[in-house]
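**Q** The following comprises the amino acid sequence and a computationally predicted model.
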Amino acid sequence: MTAERRPQAAIGSDVLALPGIGRVLRHRQGRLALQMLLTIGALALILDGFTGPQSAARNLATVTPWVHLRGLVVIVLLLAGNLFCMGCPFTLPRSLAKRLALRGRRFPQRLRSKWLAIFSLFALFFLYEYLDLWASPWLTAWLIVAYFGASFALEALFRESAFCKYICPLGSFNFVYSTLSPTRIGVKSPAVCATCVGKECVNGSYAAQPSIRLDEIPTVAGARALEVRHGPQGTLGCGTELFAPQMRGNLDCTFCLDCVRACPHDNASLFTRAPGAELAQPESWSRRWDVSLLAIALAFMGVANAFGMVPPYYALQEALALRLGISSEFVALLLIFVALNLLLPALAAAAAGQLGRWLTAAHKRDSLRDTVAAFAPSFVPIGFGIWFAHYSFHFLLGPGLIVPVLSEFLGGSGDWARWSFSLDATLIGLLQLLVLLGGFIWSLRLAQKAALRLYRRQALLGMLPWALLQLLLMLAARHIFTLPMEMRGTLALFG
Ligand code: SF4
Ligand code: SF4
């Protein structure tokens, strides 16, 4: 479908037209400055992780990513957008590799899906628990080094940003939950895109040899010619191969703004929109199994991740050892995590979809895949609520902790007494309850819309299994958050 015939989902104001911030973001080096800042931060984490105190609460490598960054990422996703991917330091070596490489190969067709992303999310959460990454600055530093290495190697080998699009667990988390964000990439005039020759937003304006092209641009006063320059100073096109005029949402968008800088017609930009708008638009969401299960599994992973930090998890591990003779911690954890993070979401989604089809007698008309895909976006708000409640809990218990840790890293003495404040536990509990309930209600509303679309007068019956599933997720998360939870990364203060 062409950009002309396919109307854009509603967009609001042009964020990049704002004075100051808009200019910085559009500037060729605007993103680079943010990336340099975060790269220096990442190098500091690596240095402290390898050479600093091996106490989780006193080391930048553990306190920054496992306490502060996660808490800030969920807040920023909700209020602004995928700014973490925008400033991601791992894409700096990636961009360098891309410029050094000859035109690389395409990522293998069979791997171009979200299955790898689901697996890498699972692997990260599993390793986090098994290796107690939150307690080990040294291992966390190695993880950051591995991240730099993987992004560099993949970008050097493949033409597209395979690491961001298909593998990176942090990016996958941000992609899914930036669908709730109040901003997204769009175009000012689909008509200009329809006549655009080079489609630089996706193809880029970077070329080893300089060249000039003349484009005819339609304007209200008639067509005018525009000089389009390509060359070594040009911008790479969209790394995740999104085409700005056809974008309907934020999935796979790293907010790098390369499309904005590459567009010769100043037609692509970052716009405000209603938060989560794409979740209620069926044409914005892929019907592929991998995309659906990524959104659903992430919500279950939120519960499983929190479950790994409360007493019933250890009781379950003991029961596995006593009843099944599984004494290996690795095997027990693997069994529990595979069951909760992968099998349970897949089976629950299939069961809810099948039940909804039977209850509404739609099993002959709608495939199970289409049914699950219709309800998958409704798991984004409840999933986000669960992660937000969890990450904000750790963050709000020691928001000032980063100051003495940084001070000690820079050779000073940390004023621990001054910065050891935390938000009142009752207030944190209330906040958790509010975000869980908010996410649940938002999810119910989306499930209701999907059911009305699919089943019309039988919508109530059709949404029932999905609403029950979301209720169970919310209650399970609520119950876990009322149990004593390990104060990971803040032991010096509260342990
Ligand atoms: S380069 Fe600009 S004008 Fe051309 S298709 Fe992309 S956004 Fe539209
Ligand atoms: S270039 Fe692609 S990933 Fe980057 S902001 Fe534009 S659409 Fe998003």
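**A** Good, I have the coordinates. Ligands and ions are numbered 1, 2, ... in the order given.
**Q** okay, CA-based contacts and neighbour counts for the rest of this
**A** OK.
**Q** By proximity to ligand 2, which residue of the stretch 1-150 of the chain wins?
**A** Met86 (8.0 Å; CA to the nearest ligand atom).
**Q** Would you confirm that that residue contacts Cys253?
**A** No. Taking contacts as CA atoms under 8 Å, Met86 lies outside contact range of Cys253: 9.2 Å.
**Q** out of those two, which sits in the more crowded spot?
**A** Cys253 (27 against 18; other CA atoms under 10 Å).
**Q** Tell me if I am right that the more buried one is in a helix.
**A** No. Going by DSSP: H, G, I helix; E, B strand; the rest coil, the assignment for Cys253 is coil, not a helix.
**Q** Tell me how many other residues crowd the residue of the stretch 351-495 of the chain found nearest ligand 1.
**A** Closest contact between the stretch 351-495 of the chain and ligand 1, by CA to the nearest ligand atom, is at Pro377 (26.6 Å). The number of residues packed near Pro377 is 30, by other CA under 10 Å.
**Q** give me every residue that touches it.
**A** 279-280, 285, 292, 295-296, 446 (CA atoms under 8 Å, 6 or more residues apart in numbering).
**Q** do that again at 6 Å, thanks
**A** Contacts for Pro377 (CA atoms under 6 Å, 6 or more residues apart in numbering) come out as Leu279.
**Q** Let's see the pLDDT reported for it.
**A** For Pro377, the model assigns a pLDDT of 97.
**Q** What separation do you get for it and Asp424?
**A** 34 Å (CA to CA, to the nearest Å).
**Q** ok, now Gly356?
**A** For Gly356 relative to Asp424 (CA to CA), the value is 43 Å.
**Q** okay, now the nearest residue to Leu83 once chain neighbours are set aside: neighbour count?
**A** Leaving out its chain neighbours, the residue that sits closest to Leu83 by CA to CA, 6 or more residues apart in numbering is Phe255, at 6.7 Å. Phe255 is flanked by 24 other residues according to other CA under 10 Å.
**Q** Kindly report the same for Ser413.
**A** Ser413, neighbours per other CA under 10 Å, totals 12.
**Q** which parts of the protein sit against ligand 2?
**A** 238-240, 242, 244, 253-259 (CA under 6 Å from any ligand atom).
**Q** any idea which of the residues you listed has the most stuff around it?
**A** Cys259 (31 neighbours).
**Q** which SSE is it in?
**A** Assigned by DSSP states H and E, Cys259 belongs to helix 258-262.
**Q** cool, and Arg184?
**A** strand 183-187.
**Q** cool, Ile212 as well?
**A** Short version, using DSSP H and E: Ile212 is in strand 211-217.
**Q** So between Gly356 and Asp424, which is more surrounded?
**A** Gly356 (27 against 11).
**Q** which residues does that one contact?
**A** If you count contacts by CA under 6 Å, 6+ apart, then Gly356 has Gly462 around it.
**Q** go again using 10 Å as the cut-off
**A** Going by CA atoms under 10 Å, 6 or more residues apart in numbering, Gly356 touches 350, 362-363, 368, 371-372, 451, 455, 458-466.
**Q** Show me where the stretch 351-495 of the chain has its helices.
**A** 368-375, 379-397, 402-409, 416-419, 425-455, 459-482, 491-494 (DSSP state H, counting those that start in this stretch).
**Q** Among those, show me which one is buried the most.
**A** helix 379-397 (a mean of 26; mean count of other CA atoms under 10 Å).
**Q** packing partners for that helix?
**A** On a contact count with 3 or more CA pairs under 10 Å, 6 or more residues apart in numbering; DSSP states H and E, helix 379-397 meets helix 70-79, helix 169-177, helix 289-307, helix 425-455, helix 459-482.
**Q** quick one, phi/psi of the spatially closest residue to Ser284 that is not a sequence neighbour?
**A** Closest residue to Ser284 apart from its sequence neighbours, by CA to CA, 6+ apart: Arg248 at 5.1 Å. Note on Arg248: its backbone torsions stand at phi -120, psi -10 [degrees, to the nearest 10].
**Q** so Arg248 touches Glu278, yeah?
**A** Yes. Contact criterion CA atoms under 10 Å: Arg248 and Glu278 qualify, at 6.7 Å.
**Q** Number of residues surrounding the nearest residue to Gln233 once chain neighbours are set aside?
**A** Spatially, and ignoring its direct neighbours in sequence, Gln233 is nearest to Tyr206 (6.5 Å; CA to CA, 6+ apart). Tyr206: 19 surrounding residues under other CA under 10 Å.
**Q** Can you read off the pLDDT for the closest residue to Val74 other than its chain neighbours?
**A** In this structure, Val74 finds its nearest non-sequential neighbour in Phe388, 6.0 Å apart by CA to CA, 6+ apart. pLDDT recorded at Phe388 is 95.
**Q** Relative to Ile118, how far out is Phe388?
**A** Distance from Phe388 to Ile118, by CA to CA: 19 Å.
**Q** for Arg478, same thing?
**A** 24 Å.
**Q** Same question for Gly237.
**A** 26 Å.
**Q** mind giving me the domain split of this structure?
**A** Using automatic domain parsing, the domains assigned to the chain come out as 15-180, 187-278, 285-490.
**Q** wait, what's in contact with the closest residue to Gly52 other than its chain neighbours?
**A** Excluding the flanking residues, the one nearest Gly52 by CA to CA, 6+ apart is Asn59, at 6.5 Å. For Asn59, the contacting residues are 45, 48-53, 135-138, 402, 404-406, 408-409, 489, by CA under 10 Å, 6+ apart.
**Q** and Leu83, what pLDDT?
**A** 92.
**Q** Quick check: Phe271 is in a helix.
**A** No. Counting by three-state DSSP, Phe271 is not part of a helix but strand.
**Q** looking at it, it is touching Gly249, isn't it?
**A** No. Counting by CA under 10 Å, Phe271 does not reach Gly249; the two are 11.1 Å apart.
**Q** And these two? Which one has more around it.
**A** Set Phe271 next to Gly249 and count neighbours by other CA under 10 Å: Gly249 wins out with 27 against 20.
**Q** And the closest residue to that one other than its chain neighbours, how close does it get to Ala376?
**A** Using CA to CA, 6+ apart and skipping residues adjacent in sequence, the residue nearest Gly249 is Glu278, 5.6 Å away. For Glu278, the distance to Ala376 equals 12 Å [CA to CA].
**Q** Same check on Cys193?
**A** 31 Å.
**Q** more neighbours, these two?
**A** The neighbour comparison of Cys193 against Ala376 (other CA under 10 Å) goes to Ala376, with 28 against 24.
**Q** which residues touch the closest residue to that one other than its chain neighbours?
**A** Excluding its sequence neighbours, the residue lying closest to Ala376 (CA to CA, 6+ apart) is Ser292, at 5.1 Å. Ser292 sits next to 114, 285-286, 346, 349, 369-370, 372-377, 379 when contact means CA under 10 Å, 6+ apart.
**Q** Perfect, that will be all.
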